[in-house]
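Q: sequence first, then the predicted structure, then my questions.
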Amino acid sequence: MQREEFGRLMAALRRENIDLQAGKVWTQKMLAEKANLSERTIGQIEQGEKMNMEPQVLAQLAHALGLTSMERRALYAAAAEVDINQRAGFSKSPETILAELLAAINGVCLPAFIYDAYNNVIAMNAIIRALAILPISLIESGGDSPGGFNLLRYYFAPESPYKTLLSADWTKFALRAVQHFRAASLPYRHTERFVALFKDLCQYPLFQDFWARTKYASEDIYYRWEKIAYHHPNLGPLAYIITESLTLTGREELYFVTYVPGDRQTLLTLDRLAQQVGTQMQRLTDWPYSYRG
């Protein structure tokens, strides 16, 4: 990430905050006051003119912006990589790395999918598609909008079955999904792709509500796994842990997600489901995207 790009990221994070009394986004002066820094320092950072990103300055900014633990980690990592060409360290192209990942996981006999730093699902296997009871229309219409293949669409779109599927636990898991989205997407909040994606997701009123709730939620999030137990309408009781594995590509990160059975009954149920529908991995969308800063 170039210094100017990091400046645009900091400006985007600042503008996510609203001064409710004035009814407008935070100015550089407001952020400076909240972070106990000079307005000149904020201006230098956002213009890409500040040469040294001192840890204490970053910590004050993260605190002022109300970032969660995982968002802070993403911000510090982005700051540490300023003026470092991440692509230079990769001898393989992002396309090759994704192809290697797809080849490695093809045939996995558990629910599995791949998503990127924007939470867009790149590929999923037949087991998870059957488990989620995703309607064909939700998949076929994915290419029609920036958020068409986004994980959060599967939570908030009216045609999604998730709310019925997860029943009373839907709110808890939807909140977690938005919290993970916040953390993964933080280094890209200044990009045109994120702006278009966010605008698309905002067509769902509940997403807007949950985006606001997760910023000010008292419960912080510090992990990228989730334990789920519920009664599936077709499969009966299920208990599993959602786990993630990170793949670096020189572009956006990729996350390989698997559902690990939490008890023997779930193990047997998922094994039967795999035998019924197969383990084929379905590619949903093109990746990587054309890079836009």
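A: Thanks, I have the structure now.
Q: show me where pLDDT drops low in the stretch 1-150 of the chain?
A: Counting by pLDDT under 70, the stretch 1-150 of the chain contains low-confidence residues at 86-88.
Q: and residue 283, its phi and psi?
A: Backbone geometry at residue 283, expressed as degrees, to the nearest 10, gives phi -80, psi 130.
Q: same for the longest helix anywhere in the chain, what does it pack against?
A: Counting residues, the longest helix found in the chain (DSSP state H) is helix 170-185. For helix 170-185, the packing partners by 3 or more Cβ pairs under 8 Å, 6 or more residues apart in numbering; DSSP states H and E come out as helix 69-80, helix 151-156, helix 162-166, helix 205-216, strand 226-232. Using the backbone N, CA and C atoms, a C-beta is placed for each residue, glycine as well.
Q: now with 7 Å, please.
A: Contact here means 3 or more Cβ pairs under 7 Å, 6 or more residues apart in numbering; DSSP states H and E; on that basis helix 170-185 packs against helix 69-80, helix 151-156, helix 162-166, helix 205-216.
Q: now the last one against helix 69-80, angle please.
A: Note on geometry: by axes from the mean of the first three to the mean of the last three Cα atoms, to 10 degrees, helix 205-216 and helix 69-80 are set 80 degrees apart in direction.
Q: list the buried residues of helix 205-216.
A: By neighbour count on 16 or more other Cβ atoms under 10 Å, the buried set for helix 205-216 is 206, 207, 210, 211, 214, 215.
Q: avg pLDDT for it?
A: What helix 205-216 shows for mean pLDDT is 89.
Q: what residues does that helix touch?
A: Surrounding helix 205-216, the residues in contact under the criterion Cβ atoms under 7 Å, 6 or more residues apart in numbering are 66, 152, 156, 174, 175, 178, 179, 182, 201, 202.
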